[in-house]
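**Q** Sequence below, structure please.
(one chain, ligands or ions: 1)
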Amino acid sequence: MEVNSIIGNDSALAAVSAMIDGGRTPHSLVIYGEKGLGKKTLAAYIAAKLLCRSPANTPCGVCKSCRAVFGGGHPDFIRVIPSLKSGAYKLEDLRQVVSDCAVAPNESSVKVYLIADMDKTPLGSQNALLKLIEEPPDHAVIIMTACARECFLPTVLSRVISVGMVPVSRSQCERYLVETLHKSPEQAHTAAEAMGGNIGRCEEFLNGGRLAAAAETAISVAAAISSGSEYELLRAFWSCDGDREQALLVLKLLREILRDAAVIRLGDRNDLLGCSQKCAEALAESLSGRKLAALVGIPERYISAINGNANLTLCLSAVCADIKSIV
Ligand SMILES: [Zn+2]
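**A** Numbers count the residues shown, from 1 in each chain. Just a heads-up that it's a prediction; the model follows:
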């Protein structure tokens, strides 16, 4: 991770930088936005800006401090680790942050805590942070990240500065993939086409693995919906093969394709999010606006059910049945 690895999100970056440069460093922040948009990168950037030893133009990206922040080894940039396997923080994890905050920084004048990915943390545990984020010690900066702003207690949100991250434009994304990640222009184009301006997801997509496989399945499902082939629909979902995480990913990507189709149907092509514009267009052409609107709600319903531990096989069969009843 480097200083120049934040692209897009100019307004988020400018707002935070202006606060720090103007001597109004926010001591409690929430950075939110979908996975892959650079929330943790922005948090590291803020930490580097506060801990950088360069007299001007912070973060310089080259001093010992900056390198330690971006390399993950600065003693005053503390990445809090959740103790639960699920990735959720226990009450005790957050209480430890509170007590550690009372201790002076190790080698600088500031201590920055990153409590990342708080989506799964129970609301009750967040209570442990209330007093701290309301009146943090002068030397402490607490940065929390999550996909959804709604996962925080209202009492937390009312005490922090919230920063929302958004996908960058496809062309910005492609340029970054080519110039910084050294992908070929063709690879960059395919990834940006599939994952929109979400750089983290593009990177994951190009590295193969789950996301690429899920995108392929979601595209097969969408194609089966346009062609009305029930067999292809079932076959596509079977490829999830009892893997809950994979099924969730497929449903999320399918939700975006269906949403794009509904948006295209309304005559708007400027704001597409999904992994296949081609599939969204085919759906918009083959189905009425009313049918598309009904379809959009299906993945959401089963994402909640699967998250709530419903039987995966039954859920996927029900998804197919629901889709069939509409198209
Ligand atoms: Zn520096």
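
**Q** Give the buried residues for the strand or helix carrying residue 322.
**A** Per DSSP states H and E: residue 322 is located in helix 312-326. Of all the residues in helix 312-326, those buried under the rule 16 or more other CB atoms under 10 Å are 312, 315-316, 318-320, 322-323. C-beta coordinates here come from the backbone N, C-alpha and C atoms, glycine included.

**Q** on contacts alone, who are the packing partners of it?
**A** Packing partners of helix 312-326 (3 or more CB pairs under 8 Å, 6 or more residues apart in numbering; DSSP states H and E): helix 230-238, helix 244-265, helix 289-307.

**Q** Dump those helices to CSV, plus mean pLDDT.
**A** Putting those into CSV (pLDDT from 0 to 100) gives the following:
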stretch, mean pLDDT
helix 230-238, 89
helix 244-265, 91
helix 289-307, 92
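
**Q** Out of these, which is the most enclosed?
**A** helix 244-265 (a mean of 22; mean count of other CB atoms under 10 Å).

**Q** Just want the angle from that helix to helix 230-238.
**A** Relative orientation of helix 244-265 versus helix 230-238 (axes from the mean of the first three to the mean of the last three CA atoms, to 10 degrees): 130 degrees.

**Q** right, and the helix or strand after helix 244-265?
**A** Following helix 244-265 in sequence, per DSSP H and E, is helix 277-286.

**Q** Looking at that following helix now, give me its mean pLDDT.
**A** Averaging pLDDT along helix 277-286 yields 92.

**Q** roughly how far out does that helix sit from the chain middle?
**A** 26 Å (CA atoms, centre = their mean, to the nearest Å).

**Q** mind checking how far residue 179 is from the ion?
**A** Separation of residue 179 from the ion (CB to the ion, to the nearest Å): 22 Å.

**Q** State the number of residues packed around that residue.
**A** 12 (other CB atoms under 10 Å).

**Q** ok, residue 242 touching residue 312?
**A** Yes. Residue 242 lies in contact with residue 312 (CB atoms under 8 Å); the separation is 6.2 Å.

**Q** by how many degrees do the helix holding residue 322 and helix 289-307 diverge?
**A** 170 degrees.

**Q** Residue 172 and residue 179: what is the separation?
**A** Per CB to CB, to the nearest Å, residue 172 is found 11 Å from residue 179.

**Q** Around the ion, which positions in the stretch 1-150 of the chain sit nearby?
**A** Within the stretch 1-150 of the chain, the residues that sit near the ion (CB under 5 Å from the ion) are 52, 54, 59-60, 63, 66.

**Q** ChimeraX command to pick out the buried ones of the residues you listed?
**A** Filtering those down to the buried ones (16+ other CB under 10 Å) takes a single ChimeraX command:
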select :52,59,60,63,66
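
**Q** that older thread, which one of the helices and strands packed on helix 312-326 lies nearest to residue 71?
**A** helix 244-265 (29.5 Å; CB to CB).

**Q** Please put the alpha-carbon coordinates of that closest one into CSV.
**A** The C-alpha trace of helix 244-265 is given here as CSV (Å, rounded to 0.1, in the frame of the first residue of the first chain):
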residue,chain,number,x,y,z
ARG,A,244,-22.8,-20.4,1.6
GLU,A,245,-20.3,-17.6,1.1
GLN,A,246,-20.2,-18.3,-2.6
ALA,A,247,-24.0,-18.4,-2.8
LEU,A,248,-24.2,-15.1,-1.0
LEU,A,249,-21.6,-13.5,-3.4
VAL,A,250,-23.6,-14.8,-6.4
LEU,A,251,-26.9,-13.4,-5.0
LYS,A,252,-25.2,-10.0,-4.4
LEU,A,253,-23.8,-9.8,-7.9
LEU,A,254,-27.1,-11.0,-9.3
ARG,A,255,-28.9,-8.3,-7.4
GLU,A,256,-26.6,-5.7,-9.0
ILE,A,257,-27.2,-7.1,-12.5
LEU,A,258,-31.0,-7.0,-12.0
ARG,A,259,-30.9,-3.5,-10.6
ASP,A,260,-28.8,-2.4,-13.6
ALA,A,261,-31.4,-4.0,-15.9
ALA,A,262,-34.2,-2.0,-14.1
VAL,A,263,-32.2,1.2,-14.4
ILE,A,264,-31.5,0.6,-18.1
ARG,A,265,-35.2,0.0,-18.6
